[in-house]
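Visitor: Need a 3D model of the sequence below.
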Amino acid sequence: MVEVSGEFACFTRPELKAERFSYEVMTPSAARGILEAIFWRPEFAYVIVKIEVLKPIRWFSIRRNEVKSMTSEDWARRMMSNPALRYDVETDRDQRNTVALRDVAYRIYAQVRLRKQVAEGEAKYREQFRRRVDKGACFSQPFLGTREFSARFGKATALQPISETRPLGPMLHTIHYSDGRETYEWFMAELVDGVLEVTPRGIELPSASAGRPASAARSRR
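Guide: Okay, the predicted model is just below:
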């Protein structure tokens, strides 16, 4: 269990391609990314159990310049091997609108699922995670959906979930990356008294953009 908070958050809905529009609350995929930024080992995976919303859902919008193209590994390799190759950002710039959340705080509950042929027990990894949270240590800076929205994290406080119940509809559960492609798992989400209960698994569907490099989607959690 860990609490995270921040000034801004954007948990982008994958079905909206042109402009960023956030889910009302943190997705399980984003929660898993935060936990892995704090403590990750190949021996286990995090299973998100529930997410408590600790502050009222508030929105804001911003219009900013973004580039239209996604950087691929092949493009990066070609630029490294050919110093004359240049990327002209002026010809690839586009204005896009972002509808995101502001002043957010969540409490994440998760379990450790050991991978096959791991001898150690779950307690070892849970204790290592708790020690890192107590120290404020992390492998990389956690973020709230997009990398520019950094997250603070720490031990659980006395904050209570908001008293709000609403259906959230189909929500992104997990993104799987394999062979340069991605598949999504979805579930029907509902906020009940400020608590989002997460199913162990979602329903897997193929990506709507087949063939898109997996590296292009990792900022969309």
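Visitor: tell me the phi and psi of the residue nearest the centre of the chain?
Guide: Closest residue to the average C-alpha location of the chain: residue 30 at 2.1 Å, with CA atoms, centre = their mean. Reported as degrees, to the nearest 10, the phi and psi values for residue 30 are phi -70, psi -40.
Visitor: Surely it is in contact with residue 147?
Guide: No: Residue 30 sits out of contact with residue 147 when judged by CB atoms under 8 Å, with a separation of 11.7 Å. No exception for glycine: its C-beta is placed from N, CA and C like everyone else's.
Visitor: so where's the chain shaky on pLDDT?
Guide: Low-confidence segments of the chain, defined by pLDDT under 70: 17-18, 67-71, 87, 89-90, 92-93, 205-221.
Visitor: the helices in it, which residues?
Guide: 28-38, 73-81, 122-135 (DSSP state H).
Visitor: What residues of the shortest one count as buried?
Guide: Right, helix 73-81. Neighbour counts over helix 73-81 (16 or more other CB atoms under 10 Å) mark no residue as buried.
Visitor: what are the ranges of the strands in this protein?
Guide: For the chain, applying DSSP state E gives strands covering 2-9, 20-21, 44-53, 59-67, 93-114, 152-154, 166-178, 181-192, 195-197, 203-206.
Visitor: So residue 174 sits against residue 29, correct?
Guide: Yes: applying CB under 8 Å, one finds residue 174 in contact with residue 29, separated by 5.6 Å.
Visitor: Those two: which is more packed in?
Guide: A direct count of neighbours by other CB atoms under 10 Å for residue 174 and residue 29 places residue 29 higher, at 21 against 18.
Visitor: Show the contacting residues for the more buried one.
Guide: Counting by CB atoms under 8 Å, 6 or more residues apart in numbering, residue 29 makes contact with 172-175, 221.
Visitor: quick one: it and residue 173, what's the gap?
Guide: According to CB to CB, to the nearest Å, residue 29 and residue 173 sit 7 Å apart.
Visitor: For the nearest residue to residue 203 once chain neighbours are set aside, give me its contacts.
Guide: Spatial nearest neighbour of residue 203, chain neighbours left out: residue 186 (5.4 Å); criterion: CB to CB, 6 or more residues apart in numbering. Contact analysis of residue 186 by CB under 8 Å, 6+ apart lists 170-173, 202-203, 205.
Visitor: Residue 49: which of those is nearest?
Guide: Closest approach between the contacts of residue 186 and residue 49, by CB to CB: residue 173, at 12.7 Å.
Visitor: Could you count how many residues lie near the residue nearest to that closest one when sequence neighbours are not counted?
Guide: Spatial nearest neighbour of residue 173, excluding adjacent residues (CB to CB, 6+ apart): residue 202 at 3.1 Å. By other CB under 10 Å, the residues close to residue 202 number 20.
Visitor: pretty sure residue 202 contacts residue 174?
Guide: Yes: counting by CB under 8 Å, residue 174 is a contact partner of residue 202 at 6.1 Å.
Visitor: Residues that sit against both of the two, list them.
Guide: By CB under 8 Å, 6+ apart, residue 202 and residue 174 have these common neighbours: 184-185.
Visitor: now residue 57, nearest residue through space, not along the chain?
Guide: residue 24 (5.4 Å).
Visitor: who's in contact with stretch 106-117?
Guide: In this structure, residues lying in contact with stretch 106-117 by CB under 8 Å, 6+ apart are 1-5, 25-26, 31-32, 34-35, 42-54, 120, 122, 125-126, 129, 156, 159, 161.
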